[in-house]
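[1] sharing a model that was predicted from the sequence below.
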Amino acid sequence: TRSTRPQRMLKAVQKNAIRGNPESVISAIDYFCKHSEWAMNVGDEKGCILDSVVTEVDPSTVLELGTYCGYSTVRIARLLSPGTKFITVEFNPASAEVARKIIAYAGLQDKVTLVEGASGDLIPQIKKLYGITTFDFIFLDHWKDRYLPDIKLFEEYGLLRKGSVLLADNVICPGTPEYLEYVRNSPRYESRYYPSHLEYTKVEDGLEKSLFLG
Ligand SMILES: O=C(NCCO)c1cc(-c2ccc(F)cc2)cc(O)c1O
Ligand SMILES: [Mg+2]
């Protein structure tokens, strides 16, 4: 049967990247998406902004919602200090399977815990299952209509601390209007918009960084 786009992306990584070299995995995926098939990775332009925020925060605990094929997982994991706890959540089992292989190809499998399931089901259990009290850095890149309900779950289950940083992808395209309205108007967050473009295109998009004030 016909392969899927994530499977074809994995093949491109195995063919063009160097095992154990995260930079080459990132480059191979970006090349595949620019020259073969567009895919919804955060991409190189927004990826550089993601890199700078992760480096600035230097988190000890990280949560990513929306692993997809593991591109941003590799971008984040390659920058983390040893001993950092990094959980990434993916709803789609086929994507999760490809992500595990791409993360492993980059040699970062020991730095990441990939959890298959719905973010809304998992968030209430994170403390119990993973012994994490609060997250220093959260990357939201999953279903756009889940950003708002999930940030409310973070608050409800005490997963944020004064200084926690949330970075949200796609706040313009496809768009997350209710989430943006919430973080920009809530007195509990200090938000800033980083203008960019939809991955591998000239379409306007950007990242919203929100600092939890406690
Ligand atoms: O749905 C998304 N992510 C959750 C599932 O993994 C997603 C979609 C798009 C996108 C798609 C179709 C289009 F026409 C424009 C944008 C882009 C992204 O960066 C995304 O993260
Ligand atoms: Mg995205």
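    Sure, I can see it. Ligands and ions are numbered 1, 2, ... in the order given.

[2] C-alpha only now, for contacts and for neighbours.
    OK.

[3] okay, and whichever residue of the chain sits closest to ligand 1 sits in which element?
    Nearest residue of the chain to ligand 1: residue 142, at 3.8 Å (C-alpha to the nearest ligand atom). Under DSSP states H and E, no helix or strand contains residue 142.

[4] pLDDT score assigned to it?
    Note on residue 142: pLDDT of 98.

[5] I'd assumed residue 72 was in contact with it.
    No - counting by C-alpha atoms under 8 Å, residue 142 sits too far from residue 72 to count as a contact (11.8 Å).

[6] who has more neighbours out of the two?
    Neighbour totals were compared for residue 142 and residue 72, and residue 72 leads with 25 against 21 (other C-alpha atoms under 10 Å).

[7] what's the burial count for the closest residue to residue 144 other than its chain neighbours?
    The spatially closest residue to residue 144, leaving aside those adjacent along the chain, is residue 176, at 5.7 Å (C-alpha to C-alpha, 6 or more residues apart in numbering). Residues near residue 176, counting by other C-alpha under 10 Å, number 19.

[8] report the contact partners of residue 176.
    By C-alpha atoms under 8 Å, 6 or more residues apart in numbering, the contact list for residue 176 reads 144-145, 147, 170.

[9] how about the helices of the chain, start to end?
    Assigned helices in the chain, in chain order: 5-16, 22-35, 43-57, 71-77, 93-105, 119-122, 126-130, 147-156, 177-185 (criterion: DSSP state H).

[10] kindly reformat the ones you listed as JSON lines containing distance to residue 211 and mean pLDDT.
    Supplementary listing: the helices of the chain in JSON lines, determined by distance: least, C-alpha to C-alpha, whole Å; pLDDT from 0 to 100:
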{"stretch": "helix 5-16", "distance to residue 211": "33", "mean pLDDT": "98"}
{"stretch": "helix 22-35", "distance to residue 211": "27", "mean pLDDT": "99"}
{"stretch": "helix 43-57", "distance to residue 211": "11", "mean pLDDT": "99"}
{"stretch": "helix 71-77", "distance to residue 211": "18", "mean pLDDT": "99"}
{"stretch": "helix 93-105", "distance to residue 211": "28", "mean pLDDT": "99"}
{"stretch": "helix 119-122", "distance to residue 211": "21", "mean pLDDT": "98"}
{"stretch": "helix 126-130", "distance to residue 211": "21", "mean pLDDT": "98"}
{"stretch": "helix 147-156", "distance to residue 211": "12", "mean pLDDT": "99"}
{"stretch": "helix 177-185", "distance to residue 211": "9", "mean pLDDT": "98"}
